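Asker: Need coordinates for the below:
(2 chains)
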Amino acid sequence: MSSTVSSASDPVLRETDRPHAPRLRGDLGVWFVILLELLTFAILFVAYAFARNREPAVFQAGQATLDLHSGALNTVLLITGSWCVARAVQAVRRDAVQAGARWLLGALVCGGGFVVVKLAEYAGKAQAWADMGDDTFYMLYFMLTGFHFLHVVVGMIAIVYLWWRTRRGAYGRHDCHALETGAAFWHMVDLLWIVLFPLVYVLR
Amino acid sequence: MHESRLNRAWLLLLVITGVTFWMGESGSSAGSLAVALAVLGLAFVKGMLVALEFLELREAPALWRWLIAGWLVLVLGLIVLAYALGLP
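Answerer: Presented below is the predicted three-dimensional model:
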């Protein structure tokens, strides 16, 4: 009996004993996946930047067809979605699990908004998609944003699962690990867009 | 306390996004190295805000802060280099 009580309160004690001990939140394995993703996207970003250099007219014409408004709106949606997940983690750490679940729902609304805006953008580029074989800009545009789009979708699937588990009280002060891991992936998707948006939409 | 830090980071990210949008919208960004540097510099600030506040790297071992900061500097630096080389 006494052993269950002490083991249940151990993590709490550890937190309060060393509140400033450095700690990486989330699963270390997923953090290595995040580093790998960052490197992969780094190659794509730099490839885009130098390809633009070689064919300035092609990129100028291609970028002129992009809507800066939808790019900026999607930035706001991802940043807000990231903030919602960060607030969810904080809420669950205080054992306010229902509030945490609502914050996760907010993140899903933002992610859903991003998906809708992006699909509308792609629909408007259906013809360009058909011609992309001979246009370096569209090839890189679809590759970069499409690959990023898939990460948004995967992140949303993870958040749906975490939302469902959070509502059932699976996470709390005692255990936030899975939630922190999903949150780290979601913030990475935001981080990637923070480079993608100025590179593809703003710099002309 | 954590919550108000997160709220401030979120507001700052929104303001910087607004400034970046305005720079692109005003058309002044076309062919200007100074504007490119400003836009990518702001992207660095945004990236670090996400890393330190949302990813909580503020509380992580320093190595992880350096990895993300190094990634941002490397990627944004190479983008600036490509942009500068492409100017007439």
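
Asker: CA only for contacts and neighbour counts going forward, please
Answerer: OK.

Asker: residues in contact with residue 31?
Answerer: You didn't pick a chain, so chain A it is. By Cα atoms under 8 Å, 6 or more residues apart in numbering or on different chains, the contact set of A:Trp31 is A:Ala184.

Asker: other chain: chain B
Answerer: By Cα under 8 Å, 6+ apart, the contact list for B:Gly31 reads A:204, B:87.

Asker: Taking chain B, what residue is nearest to chain A?
Answerer: B:Ala60 (4.3 Å; Cα to the nearest Cα).

Asker: Surely that residue touches B:Ala51?
Answerer: No - between B:Ala60 and B:Ala51 there is no contact under Cα atoms under 8 Å: 10.3 Å.

Asker: So which of the two has more stuff around it?
Answerer: B:Ala51 (21 against 17; other Cα atoms under 10 Å in any protein chain shown).

Asker: quick one: the more buried one and B:Leu57 touch, right?
Answerer: Yes - shown here, B:Ala51 and B:Leu57 form a contact pair, counting by Cα under 8 Å, at 5.8 Å.

Asker: Close to chain B: what parts of chain A are there?
Answerer: A:20-25, A:38, A:42, A:45-46, A:49-50, A:53-54, A:56, A:68-69, A:72, A:75-76, A:79-80, A:82-83, A:86-87, A:90, A:183-184, A:187, A:190-191, A:194-195, A:198-199, A:201-204 (Cα under 8 Å from any Cα of the partner chain).

Asker: Please name the residues that touch the residue nearest to B:Leu55 when sequence neighbours are not counted.
Answerer: Once flanking residues are discounted, B:Leu55 sits nearest to A:Ala184: 5.9 Å by Cα to Cα, 6 or more residues apart in numbering or on different chains. If you count contacts by Cα under 8 Å, 6+ apart, A:Ala184 has them with A:25-26, A:31, B:55.

Asker: now for the residues you listed, which pair is the farthest apart?
Answerer: Taking Cα to Cα as the measure, the contacts of A:Ala184 span a maximum distance of 10.7 Å, between A:Trp31 and B:Leu55.

Asker: residue contacts, the residue nearest to A:Ala99 when sequence neighbours are not counted?
Answerer: Spatial nearest neighbour of A:Ala99, chain neighbours left out: A:Ala91 (6.3 Å); criterion: Cα to Cα, 6+ apart. Taking Cα under 8 Å, 6+ apart, we find A:Ala91 in contact with A:97, A:99-100.

Asker: Considering the residues you listed, which possesses the most neighbours?
Answerer: A:Gly100 (27 neighbours).

Asker: you'd agree that one is up against A:Trp164?
Answerer: No - A:Gly100 is beyond contact range of A:Trp164, at 11.0 Å (criterion: Cα under 8 Å).

Asker: Give me the neighbour count for A:His187.
Answerer: Count around A:His187 with other Cα under 10 Å applied: 25.

Asker: What residues of the strand or helix carrying A:Gln98 count as buried?
Answerer: Taking DSSP states H and E as the criterion, A:Gln98 maps to helix A:97-124. Applying a neighbour-count criterion of 16 or more other Cα atoms under 10 Å in any protein chain shown, one finds A:97-115, A:117-118, A:122 buried in helix A:97-124.

Asker: Quick one: distance of that helix to the chain centre.
Answerer: Chain-centre distance of helix A:97-124: 11 Å, with Cα atoms, centre = their mean, to the nearest Å.

Asker: That helix packs against which elements?
Answerer: If you count contacts as 3 or more Cα pairs under 8 Å, 6 or more residues apart in numbering or on different chains; DSSP states H and E, helix A:97-124 packs onto helix A:68-93, helix A:136-167.

Asker: Hey, what's the angle from the longest one to helix A:68-93? Just curious.
Answerer: On the basis of axes from the mean of the first three to the mean of the last three Cα atoms, to 10 degrees, helix A:136-167 is oriented at 20 degrees to helix A:68-93.

Asker: Quick check: buried residues in helix A:136-167?
Answerer: A:136-142, A:144-145, A:148-149, A:151-152, A:155-156, A:158-160, A:162-163, A:165-167.
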